[in-house]
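Novice: with the sequence up front, the predicted model follows.
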Amino acid sequence: MKEALTYASYLKIEELLSLQRPRSEGEHDETLFIIIHQVYELWFKEILHELDHCCRLLGDDDAHRAQHTLKRILTILKVLVAQLDILETMTPTEFLTFRQRLESASGFQSDQFRAMEFVLGVKSRASVERFPEGGRARGELERRWKEPTLWNAFLRYLAREGYPVPEAHLGRDPTKPVEADAVIQGILVDVYRDSPKNSELCERLVDLDEGIMEWRYRHAKMVERTIGAKRGTGGSAGSRYLSTTLNRPAFPDLWEIRTLL
Ligand code: HEM
C-alpha cells in the first residue's frame, strides 16, 4: 500500500536536515554560516521562479499580475536584506574560528545570484565562464545569457501599449548591457504623465532595482565589519571589490527620468 503523505515526506525533511555539514571540528558558528547561505540560495531559487513568471506575464500583457508578482519578489528581497542582521551577530573573531576551512569558496560563486543579475540585464561573459562546462550552473547561465531580460520584456510590453519604442530597442541583443538612453527616457516621462497603471509598474521595477542595490550595500558593509580590508576567499580584493558593485542600477533610465519629471 502507498504510504500516506506526511509533512516530512512531502518537504523532504530528512534530506534537508542532512545537508548542513560543517568542515571545522565543531566550531559553533559554522552552522549559522551554512544555514544562512542555504536559505539565501532557496530564496534566490524562488526569486528566479517569480522573475521568469513576471517576464511571461508581461509578454501576455497582464500588467496587473506582473505587478503582483513584482510585489512578492520585493517582499522576499526585504527578508533577504533583513537576514544580514542575523549574520552580523557573528563577530569577526567568531568568523575566524572557521574561515580558513572555506578555502576558496565564496558567495562570488553563487550561480543563482548571477542568474538573477542576468534576468535584470546585468550580464557578463566572465560570470558564465567561471563555471565548468557541462555542469548545471554553466548550463543555466549559458541559457540565461541568451535570453531576453526583464527590461526587454518591459519595453516590448510598452510598445504593445502604444508607446513608440524604437525597433532597435525591441530587437536589441539581450547579451549586451543595458545603457541609459534618451529616447527611452522620453517615453518613460510620457508613461509617468499619462498612465497610472504603467507608471505603477515602473515604480515596482525601481523598487526591485533599489532592493538589489540595498542588498549589495548591506552585504558590503557586513563584509567590511567582519573581515575589514582582507582579501575575499573568492580571490577578490574583498570590501574594496564589493564597493565597485554598488550604485550601478540595472534600469538606469528609470533613475534618470526623476530629474526630468
Ligand atoms: C561572514 C559572511 C560573509 C562574508 C565575510 C562575505 C564575504 C564576501 C566577499 C569578500 C566577497 C567578494 C568576493 C570574494 O573575494 O570572495 C563576497 C561576494 C559575494 N557574497 Fe558574500 N560574504 C558573506 C556572506 C554572504 C552571504 C550570506 C551571501 C548570500 C548568498 C553572500 C553572497 C555573496 C555574493 C552573491 C557575492 C558576489 C557579489 C558580487 O560579485 O557582486 N555572502 N562575499
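Specialist: Sure, I can see it.

Novice: quick check, central residue of this protein?
Specialist: Among the residues of the chain, the one closest to the centroid is M116, at 3.8 Å (Cα atoms, centre = their mean).

Novice: element containing that residue, please.
Specialist: Assigned by DSSP states H and E, M116 belongs to helix 111-119.

Novice: repeat for E94
Specialist: helix 92-96.

Novice: any residue of that helix up close to the ligand?
Specialist: Yes - under the criterion of Cβ under 6 Å from any ligand atom, the ligand is reached by helix 92-96 at F95. Heads up, the C-betas are built off the backbone N, CA and C, glycines and all.

Novice: what is that helix packed up against?
Specialist: Counting contacts by 3 or more Cβ pairs under 8 Å, 6 or more residues apart in numbering; DSSP states H and E, helix 92-96 packs against helix 196-227.

Novice: got the contact list for the helix or strand following the helix it packs on?
Specialist: Next along the chain after helix 196-227, taking DSSP H and E as the criterion, comes helix 239-243. Helix 239-243 has contacts (Cβ atoms under 8 Å, 6 or more residues apart in numbering) with 216, 219-220, 223-224, 227-229, 232, 236.

Novice: among these, who's most crowded?
Specialist: V223 (20 neighbours; other Cβ atoms under 10 Å).

Novice: closest point of the stretch 1-150 of the chain to the ligand, which residue?
Specialist: Closest residue of the stretch 1-150 of the chain to the ligand, Cβ to the nearest ligand atom: G107 (2.3 Å).

Novice: report the distance from stretch 103-112 to the chain centre.
Specialist: 14 Å (Cα atoms, centre = their mean, to the nearest Å).

Novice: for that stretch, measure first residue to last.
Specialist: 21 Å (Cα to Cα, to the nearest Å).

Novice: next: stretch 11-20.
Specialist: Taking Cα to Cα as the criterion, the two ends of stretch 11-20 lie 16 Å apart.

Novice: and the contacts of it?
Specialist: Under the contact criterion Cβ under 8 Å, 6+ apart, stretch 11-20 has outside partners 7-8, 31, 34-35, 38.

Novice: cool, stretch 187-207 as well?
Specialist: Identification of contacts with stretch 187-207 by Cβ under 8 Å, 6+ apart yields 63, 66-67, 70-71, 74, 150, 154, 158, 161, 163-165, 251, 253-255, 257, 260-261.

Novice: so how do I select the buried members of those in ChimeraX?
Specialist: Selection of buried members from those for ChimeraX, criterion 16 or more other Cβ atoms under 10 Å:
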select :63,66,67,70,150,154,158,163,165,251,253,254,257
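
Novice: rewinding a little: and which of the contacts of helix 239-243 is nearest the ligand?
Specialist: Distance to the ligand, by Cβ to the nearest ligand atom, is smallest for G232 among these, at 2.0 Å.
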